[in-house]
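>>> Fold the following, please.
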Amino acid sequence: MITNSEKYQLTLKEYKNLFDSSYTMLCVFANKYLNDMEVSKDIVQMVFIKIWEDKIEFQNESFIKSYLYSSVKNKSLDYIKSKHYKTTDHMSAIKIAKLETEPFYLREVVVVETHNIIENAINTLPKKCAQILRLSIGELTNPEIAEKLGISINTVKAQKKIAYKKLKPLLKDYFILIAFVFELD
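Residues are numbered from 1 along each chain as shown. Take a look at the predicted model:
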């Protein structure tokens, strides 16, 4: 049994770091339910405010992320089921039931977490490599990237080669997870 002295409460610095590192991906996660980024941002902010105001304690640090995802999911579903939402936006009962399923929740957590892993790795690249890789992931072709950035196609190819070479060791431990996520799409 865990006593209060064994529970973990965030310090102000840890809370700020958690907010800074999790806010965007939680907004993306909420948006999978709500399809409205502004409402998604509001919901994520409400979850963080509740953690701080209620001084929520966790069994340990690893439970924090689970708490965040579960809370955002529950608040998003509450919003969808609210009277206000039902009168302004219409979502079928079948769609709502799908959003409430554990497989949907788990899939979206994996997708968001994988995106976060990839984004953190891309952020380690030189600025131009990262920019070209993001455009490539955004499904632009090499000629389209070259035109958009005003550089040669060979420069695009060279920068992508550098990016892949640097990312390979950073992402090697996540290969199966990344392959699984890209298989879902």
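>>> May I ask which helix or strand of this structure has the lowest mean pLDDT?
In the chain, the helix or strand scored least confidently by mean pLDDT, DSSP states H and E is helix 83-88, which has a mean of 64.
>>> Helices along the protein, start to end?
Secondary structure of the chain (DSSP state H): helices at 12-34, 37-53, 62-81, 83-88, 93-99, 102-122, 127-137, 142-149, 153-171, 175-184.
>>> mind putting the ones you listed in JSON lines, mean neighbour count included?
C-beta here means a position set from N, CA and C on the backbone, and glycine is covered the same way. Converted to JSON lines, the helices of the chain look like this (neighbours: other CB atoms under 10 Å):
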{"stretch": "helix 12-34", "mean neighbour count": "17"}
{"stretch": "helix 37-53", "mean neighbour count": "16"}
{"stretch": "helix 62-81", "mean neighbour count": "17"}
{"stretch": "helix 83-88", "mean neighbour count": "10"}
{"stretch": "helix 93-99", "mean neighbour count": "11"}
{"stretch": "helix 102-122", "mean neighbour count": "16"}
{"stretch": "helix 127-137", "mean neighbour count": "17"}
{"stretch": "helix 142-149", "mean neighbour count": "16"}
{"stretch": "helix 153-171", "mean neighbour count": "15"}
{"stretch": "helix 175-184", "mean neighbour count": "12"}
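>>> hey, least reliable of those by pLDDT?
Lowest mean pLDDT within the helices of the chain: helix 83-88, a mean of 64.
>>> any idea how far the residue nearest to residue 29 when sequence neighbours are not counted is from residue 33?
Distances taken as CB to CB, 6 or more residues apart in numbering place residue 112 nearest to residue 29, at 4.7 Å, with adjacent residues excluded. Applying CB to CB, to the nearest Å, the value for residue 112 to residue 33 is 12 Å.
>>> On the pLDDT front, check the nearest residue to residue 64 once chain neighbours are set aside for me.
Spatially, and ignoring its direct neighbours in sequence, residue 64 is nearest to residue 58 (5.3 Å; CB to CB, 6+ apart). Predicted confidence (pLDDT) for residue 58: 78.
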